[in-house]
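Engineer: dropping the sequence and predicted coords here.
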Amino acid sequence: MNALDQLQTPSHARPETPIMEIEHLRKLFPLRQINLFGPQRAVHAVEDSSFALYPGRATALVGESGSGKTTIARMLARLYDPTSGTIMFQGKPVKLTHGSALRQYRRHVQLVFQDPFSSLNPVHSVEYHLSRPLRVYGHARTKREETEQILALLNRVSLTPAEQFIQKFPHQLSGGQRQRVAIARALAAQPEVLLADEPVSMLDVSIRLDILNLLLRLKQEEHLALLYITHDIASALYFAEETLVMYAGQMVEGGPSEEVIQRPKHPYTQLLLSAAPDPDRMDPNQKGLGTLPTRGEIPSLINPPTGCRFHPRCPYAMPVCKERFPRRTDVGNGHWTHCFYYGDGGSNTEQPPLLNLTVPPVSRRKTGRTQEQPGYPETKENA
Amino acid sequence: MSQLDPLEKPVTAENTNGLPANFYDGVAEPSGTHIIEASANGQAAVNTPISAAGTSIAPVAVGGAPVTAMIAGSLSGFWRAITRNRKVVFGLSIILFFVLVAIFGPMFVHTDPNAFSENLLSPPSASNWLGTTQTGQDVFAQVIYGTRVSIFWGFLTGLLVTILSITIGLCAGYFGGVVDDVLSLLINVFLVLPALPLAIVLAAYFPFKGPLTVAIVITITSWAYGARVLRAQTMSMRRRDFVEAARASGERTLRIIFFEILPNEISVVAAGFVGTVLYVIIFEASLEFIGLGSPTVVSWGSMFYWAQNNDALLLGAWWWFVPPGLCIAVLGAALAFINFGIDEMANPRLRTERRPKVKALKTQKAVA
Amino acid sequence: MADILVNGDKASTGSKTLLEVKNLSVDYLASSGVVHAVTDVSFTLERGEILGLAGESGCGKSTLAYAIARLLRPPALITEGEVLYHPRVRTDETGAQRVSTVSMPRKGQSARPGETEEAVDIMTMGAGELRAFRWTELAIVFQSAMNALNPVMKIGTQIMDVLQAHRPEMGPDARKQRALELLKLVGIAPDRINSYPHELSGGMRQRAIIAIALALSPEIIIMDEPTTALDVVMQREILIEIMRLREEFGFSVIFITHDLSLLLELADKIAIMYAGRIVEQGTSFDLYEHPRHPYSYGLLHSFPTIRGPRRNVTGIPGSPPDLRAVPTGCAFHPRCPFAFAPCTSILPTLEPSNPETPEQLVACHLYNAKLHPAGPPVEEEFAARYASLAERSKGQ
């Protein structure tokens, strides 16, 4: 099944209520140093993030490393506790820390990890891995039920013949197979929400699509709410109906995938898109790598820039960007962004001139000199 | 045209006896792995070389074939793993011999080791295979009975020490925070205590003497080493995804510690156990030699004690102290071999293998 | 001052070809048998060209690159083949004609400017020659290279180390100058010369590694997945740097990666490897427009794209073969939607796909007129076959 088909339904026609709502989530990791002369230093991993997950829909969370996307996933899976903010599941706030209440919550929200090699315990067989959630959550009470359900799970993730796979150990499986086992393990709990933390970035290119298509099929069949975390924005377009973009712990843009990726508003999203490899913009006579509108790197999260954290690199930074983080501005069609260029809160659906950051590529001919880029503002280099 | 089925074929079990880990040591790509991003706060996951037959999780080494998995896999897999390593086989057979002697030996020896006789200090002969002591006791019988004591107490103490170090080490490593701080303090204190003087003091003041006292004293003074090692191992295992996954699957903490983390550390634990037994046997003999054991119990160490007291060395009665000494030495060597073998199994780089001969380019030299 | 290489002008520097790899094969010896990591690989690298080696894990591309640099250790063994390197005369900073260090004129002849020396087989170089060759002519940027920096040495010292080892005649001041120059070249602020690697970010460390590689103005730089551990923005910046430096200095690059989409934008020529062999080779544009080998087609369509026409992305069912159990005949046949009888038994050879395009080579029986008289399939057929394959594999 092609995910392109599901993009036909307009995404702002969301029929259902969200199954999870995340509001103003924040996470600080205090450093273990003792600071005598000032406040306790901490890594400001996530700052004021809000979004929602809907059953039967996939949401992509895109960002580079250090953007806080994995931290959000782990907070949703309750592997970390948020510093502040609320997580609502089925309309009720989730505020628990230990014991059976936590276990109950975890039954509903499962996490698939990035690394298929380390997310399975090498000393246990596939059967053990799949049986544990079945036992813990009481889905299987006898050995026979357990085996039946394990075989069913293996079939659902296309690991067939299932009888052969039951006794295997992780080191006997390939990367793609291991990831399927990890997905089966997550499904064993019968969750309503599946969080996939870069599920395919460590797999070979030719099997990535298989796994992504599997996730899509499961989403369709089980009506799961999927959160797909990735650094590859192209796969977000393919996989998810909604895309959220994060930079240095702040959520900067979000909305229907097509909108965000084809009509990006925030300068960082535009930077990401112009940096992503895109062979379709090749031209045989004018091959080149293009240029980036801005240089610099993701800031350290221990002492992040004030206000909008992108302002040191942003070609359009204004003085107010340093002071505070802009409020959410709705730019129409369910697409929103946090950028003072579009306003500070409220709605801005009339089309201001789009920031156009795509530039003609550099010629590949050996002229020894690069061409001047027309119409480009001078950017500040991040020293 | 006939279409061939392109669907994924599962890797068969035969593939597990595969290449050494250094096959994929950063030179060729292992199947299915790639690359990881480094995060801005420095928590980069490194591209670990992983062998097609194994995972990157070897408790002691980087990039090993999964000994622990092979062991946990099946009994036959375990057997194959063990028998392939010559050192382990050698060590185990010697140990097995001693254990058999310990269990069945006294049944076949009809002389009472404590019985006095008129044959004082006589060299080995047909009636006394290893001669007699100053009081006419049969050395051979004493050695056989002593085997039982040494083996039994040695392994029991080893077991106690291992259990103690696992419990404390794993809890300290897993929980972190205050628990870790307290337990680490405990470990460090016990680590620093001087073993021999403390042992002497304790043994001297205990109301009852004997191998039990020695066992208790040794347990108190030597659990800290293993605990420290296991704590470090557990701290690194704690961060692994499968532990997080187990937590996310709702597993209880104790179950995670003992069923998820501990099986991965079996080779460290096994090596620790073997090392401890070795240490115990020698230390016990030493304590008894200085006279801290019970004089009524027959063991190798007490034989040294009596031999020393009766100037056996001066009198040239080598048959009194050489046999127990030899037994300790051989048993110790066997344990050491097992340890080397375990090391090799856990760290494939130490393995010596027979490799097939292939004709190479004539002038090719190994690289600088 | 930088070594000023003669700017890509072919006429004055002799032959166009820089490196010729012929029938290179590398085997790994393991207790369970011999594994053929690289089998019978041949290609040419021209001056100033960027050659991309693409493939998934286990295809042997890293092994190939290390073999060319003779960095393989037992149990890896090069069993056959030669790698011919064509050195040339260059003008160095003093204006004097500098001969390539590997090919000191033999038999007392002096080199004349503009003349290339004879080709040298890297595989048969002696230890001294090899040491001279490495880094002055050939440099390598390793995978995860940012971890290859010595953590207890400042990066300036590491650069100067290289200079000291290979140019003993340079004084400490000259070395420092050159190190500063190199840092500037790759876009690192000069005051970072006294920083330790842990004080630099991942991207800067990668650039430092590239600076070290460029220290002696090599002719060839082999880059093994240099940017995969980096973010996409950083990756793009570094690649732009590399292109710019290539334009300025005219060196060639062998770029190894699994990311085909990147290679399509970056490389002039691409060779796709599968199970230790090259299955297709051609210019990147040709490969993008007309992939010939079914595997190339599959790879090209396994990643979704942001813009451009909406392609049907399907991926390739199955997984890359274990090199210990390579299928007979064409290694790709178990996963190939076009596999037919000869594919299981006859090994295809790398040949031009059709006589009009001698540059585009493919190893596939579909292009063999004798075995497949119906002629090669067209684009639509590729799409259709892969789609039906995807359907069937989903049915499970």
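Structural biologist: Arrived safely, thanks for sending.
Engineer: and the next helix or strand past the helix ranked longest in chain B?
Structural biologist: Longest helix of chain B, by residue count under DSSP state H: helix B:139-175. With elements assigned by DSSP states H and E, the helix or strand that comes after helix B:139-175 is helix B:177-192.
Engineer: anything in that next one near chain A?
Structural biologist: No: contact of helix B:177-192 with chain A is not found when judged by C-beta under 8 Å from any C-beta of the partner chain; the minimum separation is 10.6 Å. Where you see a C-beta, it was placed from the backbone N, CA and C, and this is true even at glycine.
Engineer: average pLDDT across that helix?
Structural biologist: In this model, helix B:177-192 has an average pLDDT of 92.
Engineer: elements contacting it?
Structural biologist: On a contact count with 3 or more C-beta pairs under 8 Å, 6 or more residues apart in numbering or on different chains; DSSP states H and E, helix B:177-192 meets helix B:139-175, helix B:211-238.
Engineer: list the helices and strands the shortest one packs on?
Structural biologist: Spelled out, that is helix B:211-238. helix B:139-175, helix B:177-192, helix B:195-205, helix B:266-289.
Engineer: redo the ones you listed as JSON lines? Include mean neighbour count.
Structural biologist: Putting the helices and strands packed on helix B:211-238 into JSON lines (neighbours: other C-beta atoms under 10 Å in any protein chain shown) gives the following:
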{"stretch": "helix B:139-175", "mean neighbour count": "22"}
{"stretch": "helix B:177-192", "mean neighbour count": "14"}
{"stretch": "helix B:195-205", "mean neighbour count": "15"}
{"stretch": "helix B:266-289", "mean neighbour count": "22"}
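Engineer: of those helices, which shows the lowest average pLDDT?
Structural biologist: Mean pLDDT is lowest for helix B:195-205 among those, at a mean of 80.
Engineer: okay, the angle between that helix and helix B:266-289?
Structural biologist: Per axes from the mean of the first three to the mean of the last three C-alpha atoms, to 10 degrees, the angle that helix B:195-205 makes with helix B:266-289 is 50 degrees.
Engineer: which secondary structure elements does helix B:195-205 sit against?
Structural biologist: helix B:211-238, helix B:266-289.
Engineer: repeat that with 6 Å
Structural biologist: Helices and strands touching helix B:195-205, by 3 or more C-beta pairs under 6 Å, 6 or more residues apart in numbering or on different chains; DSSP states H and E, are helix B:211-238.
Engineer: which parts of the helix it packs on are buried?
Structural biologist: Neighbour counts over helix B:211-238 (16 or more other C-beta atoms under 10 Å in any protein chain shown) mark B:211, B:213-231, B:233-234, B:237-238 as buried.
Engineer: what of stretch A:88-106?
Structural biologist: Judged by neighbour count (16+ other C-beta under 10 Å), stretch A:88-106 contains these buried residues: A:88, A:89, A:94, A:103, A:105, A:106.
Engineer: which pair in these spans the largest distance?
Structural biologist: The most widely separated members of these, counting by C-beta to C-beta, are A:88 and A:103 (18.9 Å).
Engineer: contact residues of chain A facing chain B?
Structural biologist: Residues of chain A lying close to chain B by C-beta under 6 Å from any C-beta of the partner chain are A:43, A:65-66, A:77, A:79, A:103, A:106, A:111, A:113, A:115, A:117-123, A:132-133, A:136, A:164, A:169, A:171-172, A:174-175, A:202, A:298, A:301.
Engineer: tell me the helices in the stretch 251-383 of chain A, going along the chain?
Structural biologist: Using DSSP state H, counting those that start in this stretch, the helices of the stretch 251-383 of chain A run over A:257-262, A:267-275, A:319-323.
Engineer: tell me the most buried of the ones you listed?
Structural biologist: helix A:267-275 (a mean of 24; mean count of other C-beta atoms under 10 Å in any protein chain shown).
Engineer: any idea of the mean pLDDT in that helix?
Structural biologist: Helix A:267-275 carries an average pLDDT of 87.
Engineer: residue C:226 touches residue C:141, doesn't it?
Structural biologist: Yes: the pair residue C:226 / residue C:141 is scored as a contact, 4.9 Å apart, by C-beta atoms under 6 Å.
Engineer: out of the helices and strands packed on helix B:177-192, the one nearest residue B:334 is which?
Structural biologist: Ranking these by their distance to residue B:334 (criterion: C-beta to C-beta) puts helix B:139-175 first, at 11.6 Å.
Engineer: does that closest one reach chain A?
Structural biologist: No: using C-beta under 6 Å from any C-beta, helix B:139-175 never reaches chain A; the gap is at least 13.4 Å.
Engineer: quick one, what contacts residue C:222?
Structural biologist: Residue C:222 makes contact with C:65, C:140, C:254, according to C-beta atoms under 6 Å, 6 or more residues apart in numbering or on different chains.
Engineer: so which of those residues is the most crowded?
Structural biologist: Tallying neighbours with other C-beta atoms under 10 Å in any protein chain shown puts residue C:254 at the head of the contacts of residue C:222, with 27 neighbours.
Engineer: so that residue bridges to which residues?
Structural biologist: Here residue C:254 sits in beta bridges with residue C:51, residue C:222, going by DSSP bridges.
Engineer: next to chain C, which bits of chain A? Give me the list.
Structural biologist: A:64, A:158, A:160, A:174, A:176, A:204-207, A:209-210, A:234-235, A:238, A:275-280, A:284, A:289, A:292, A:297, A:366.
Engineer: tell me the helix or strand right after the worst-scoring helix or strand of chain A on mean pLDDT.
Structural biologist: Ranked by mean pLDDT, DSSP states H and E, the helix or strand of chain A with the weakest confidence is helix A:3-6, at a mean of 46. Once the chain leaves helix A:3-6, the next helix or strand it forms, by DSSP H and E, is strand A:20-30.
Engineer: buried residues, stretch B:103-122. List them.
Structural biologist: In terms of neighbour count (16+ other C-beta under 10 Å), stretch B:103-122 has its buried residues at B:105, B:109, B:111, B:113, B:117, B:119, B:121, B:122.
Engineer: I'd like the distance between the residue lying closest to the first one once chain neighbours are set aside and chain C.
Structural biologist: This points to residue B:105. In space, and not counting its chain neighbours, residue B:105 is closest to residue B:144: 4.1 Å by C-beta to C-beta, 6 or more residues apart in numbering or on different chains. Distance of residue B:144 to chain C, computed by C-beta to the nearest C-beta, to the nearest Å: 42 Å.
Engineer: repeat that for residue B:204.
Structural biologist: 50 Å.
Engineer: mind listing what the most centrally placed residue in chain B touches?
Structural biologist: Nearest residue to the geometric centre of chain B (C-alpha atoms, centre = their mean): residue B:274, 2.3 Å. Shown in contact with residue B:274 (C-beta under 6 Å, 6+ apart): B:335, B:338, B:339.
Engineer: what segments of chain A are strands?
Structural biologist: Using DSSP state E, the strands of chain A run over A:20-30, A:42-53, A:58-62, A:84-89, A:92-93, A:109-112, A:193-197, A:225-230, A:242-247, A:250-256, A:329-330, A:336-337.
Engineer: what pairs with the fifth one, and is each one parallel or antiparallel?
Structural biologist: So that's strand A:92-93. Applying DSSP bridges, one finds strand A:92-93 paired with strand A:84-89 (antiparallel).
Engineer: C-alpha coordinates for the partner strand, CSV please?
Structural biologist: Taking C-alpha atoms only, strand A:84-89 is exported to CSV below (Å, rounded to 0.1, in the frame of the first residue of the first chain):
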residue,chain,number,x,y,z
SER,A,84,6.7,20.4,33.6
GLY,A,85,3.7,20.2,31.3
THR,A,86,0.9,17.7,31.0
ILE,A,87,0.4,14.6,29.0
MET,A,88,-3.3,13.6,28.6
PHE,A,89,-4.2,10.2,27.6
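Engineer: pLDDT score assigned to residue A:322?
Structural biologist: 88.
Engineer: can you check residue A:104 too?
Structural biologist: Reading off the confidence values, residue A:104 has pLDDT 84.
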